[in-house]
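> what would the 3D arrangement of this be:
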Amino acid sequence: MSKKWYAVFSISLLLSVVLSMIGCSGGGTTTTTTTGGIKAKTGDTIKVTYTGMFQDGEIFDTNDVEGGVPFEFTLGENKVIVGFENAVIGMAVGETKTVTILPKDAYGEYNTTKTTTIQRSQLSDSNVKVGDELLLSEYYSIFTITAVSETTVTGYLNHYLAGETLIFKIKLLEIKAK
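Numbers count the residues shown, from 1 in each chain. Model prediction:
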């Protein structure tokens with residue numbers, strides 16, 4: 001899949017996605033700068049800044065800009081990808097960490113068996129053919145068309161970051177203990 005989809009929809013879509021899903025666990029790499037103090041744990045509500053990148057260094061999302069809004073979530077509520085959440089657990093306020101998150105701990109592997117059928121009337125452009133790729137923003141997904149009928153379109157649906165190894169630079173700004 002070309003990175004044109006990532007460039008066009010990266011900031012607005014991923015910010016929404018990240019607000020509902022972020023994470024990190026085994027298999028990736030981690031670089032940490034520590035300042036000490038209380039450590040984030042499951043149940044704590046935390047605020048972070050982050051920059052998300054592909055392996056080639058291309059940034060696909062960040063809130064670490066002047067005027068950026070810190071990302072707030074509660075550890076253990078499974079509202080973020082597991083790799084990001086696991087990276088934050090154990091961090092102290094002021095600590096910065098860079099983690100590499102494998103697809104299994106992010107948005108999963110790209111799956112061509114995850115199919116769905118939608119009505120052609122739901123598409124903004126009903127002139128589609130087998131092989132076309134559409135962004136379905138309500139699902140943060142790429143829909144690859146495998147069959148077309150007069151009334152429906154069938155294809156496989158993957159999150160637009162599925163199959164990607166992601167790198168996040170995370171800075172913990174605040175911990176509200178449970």
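> D61 and E72: what is the separation?
Separation of D61 from E72 (C-beta to C-beta, to the nearest Å): 16 Å. Glycine gets a C-beta too; all of them are placed from N, C-alpha and C.
> likewise for T146?
Taking C-beta to C-beta, one finds T146 at 39 Å from E72.
> likewise E95?
Going from E95 to E72 by C-beta to C-beta gives 17 Å.
> neighbour count winner among the two?
E95 (21 against 13; other C-beta atoms under 10 Å).
> buried stuff in stretch 169-178?
Judged by neighbour count (16 or more other C-beta atoms under 10 Å), stretch 169-178 contains these buried residues: K169, I170, K171, L172, I175.
> what's the most distant pair in the residues you listed?
Across these, no pair lies farther apart than K169 and I175, at 18.6 Å, counting by C-beta to C-beta.
> residues in contact with stretch 110-125?
The contact list for stretch 110-125 (C-beta atoms under 8 Å, 6 or more residues apart in numbering) reads 1, 103, 126, 128, 134, 143-144, 146, 148, 150-158, 162-163.
> first to last residue in that stretch, what's the distance?
Length of stretch 110-125, first residue to last, C-alpha to C-alpha, to the nearest Å: 25 Å.
> list the buried residues of that stretch.
Within stretch 110-125, the residues that qualify as buried by neighbour count (16+ other C-beta under 10 Å) are Y110, I118, L123.
> export those to CSV and append columns for pLDDT, secondary structure and distance to F54.
Below are these laid out as CSV (pLDDT from 0 to 100; DSSP: H, G, I helix; E, B strand; the rest coil; distance: C-beta to C-beta, whole Å):
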residue, pLDDT, secondary structure, distance to F54
Y110, 90, coil, 14
I118, 90, strand, 29
L123, 85, coil, 28
